[in-house]
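Colleague: Starting from these lines, generate the structure:
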Amino acid sequence: MQTDLQPLRIYLDTCCLSRSFDDQTQTRILWETQAIRRILAQVRIGHWHWISSDVLVREVAQIPNLEQRFEVNRLLTYTHQTVTTETDEISRAKQLETLGFKVFDALHLACAESAAVDIFLTTDDGILRIAKRENAELRLQIENPDRWLHKEL
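Modeller: Have a look, this model is predicted:
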């Protein structure tokens, strides 16, 4: 657990925020959902700071299920900072795309790097796989929320 006086700075991607809408009968999904809820509880009480981005806001706006979009937007009210995608973030995202990250994923990562987050959390196996392979090229730590939370607490 972080012991500095500064709160831990986390970035949750859209997959994390949508996890509670997935099939909760699958053990992995249930554990990830519970981990994300615990993380958000730490955010709500101010122990951790949630960093977001305009990329996340745009991606959430594209969620086709209205109930899901409403609930995820409600969660976004707990963010402490929203990074705006500018020239530096776009340039970095293009570099990240060459490593194999998809466009939106690369933009999320570039914004998270720009904000100097302590941890980028995702349930997306594709992002996690590329991050493991390209770790030396990244400027932040990327983890699955369930695995990370077990290490952190």
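Colleague: What ranges does this protein have for its helices?
Modeller: Secondary structure of the chain (DSSP state H): helices located at 14-18, 27-44, 54-61, 66-76, 87-98, 103-114, 125-133, 145-152.
Colleague: What helices and strands are in contact with the last one?
Modeller: Contact analysis of helix 145-152 by 3 or more CB pairs under 8 Å, 6 or more residues apart in numbering; DSSP states H and E lists helix 27-44, strand 119-121 as its packing neighbours. All C-beta spots, glycine's among them, are computed from the backbone N, C-alpha and C.
Colleague: quick one on the thing from earlier: out of the helices of the chain, deepest packed?
Modeller: Neighbour counts (mean count of other CB atoms under 10 Å) averaged over each of the helices of the chain peak at helix 103-114, with a mean of 24.
Colleague: what's the angle from it to helix 87-98?
Modeller: Interaxial angle, helix 103-114 versus helix 87-98 (axes from the mean of the first three to the mean of the last three CA atoms, to 10 degrees): 130 degrees.
Colleague: per-residue confidence for the residue of the chain positioned farthest from its centre?
Modeller: Farthest-out residue of the chain from its mean C-alpha position, per CA atoms, centre = their mean: Thr25, at 23.1 Å. Model confidence at Thr25, expressed as pLDDT, equals 97.
Colleague: switch to numbering from 47
Modeller: Happy to do that; since the first residue is 47 now, the last one works out to Thr71.
Colleague: give me the low-pLDDT residue ranges for this protein?
Modeller: 47-50 (pLDDT under 70).
Colleague: where's the closest residue to Trp77 other than its chain neighbours relative to Asp69, distance?
Modeller: Nearest non-adjacent residue to Trp77, counting by CB to CB, 6 or more residues apart in numbering: Asp192, 4.8 Å away. Relative to Asp69, Asp192 is positioned 16 Å away (criterion: CB to CB, to the nearest Å).
Colleague: what do you get for Ile109?
Modeller: From Ile109 across to Asp69, the span is 17 Å (CB to CB).
Colleague: So these two - more neighbours on which side?
Modeller: Ile109 (18 against 7; other CB atoms under 10 Å).
Colleague: Could I get the phi/psi values of the more buried one?
Modeller: Here the main-chain torsion angles of Ile109 (degrees, to the nearest 10) amount to phi -60, psi 120.
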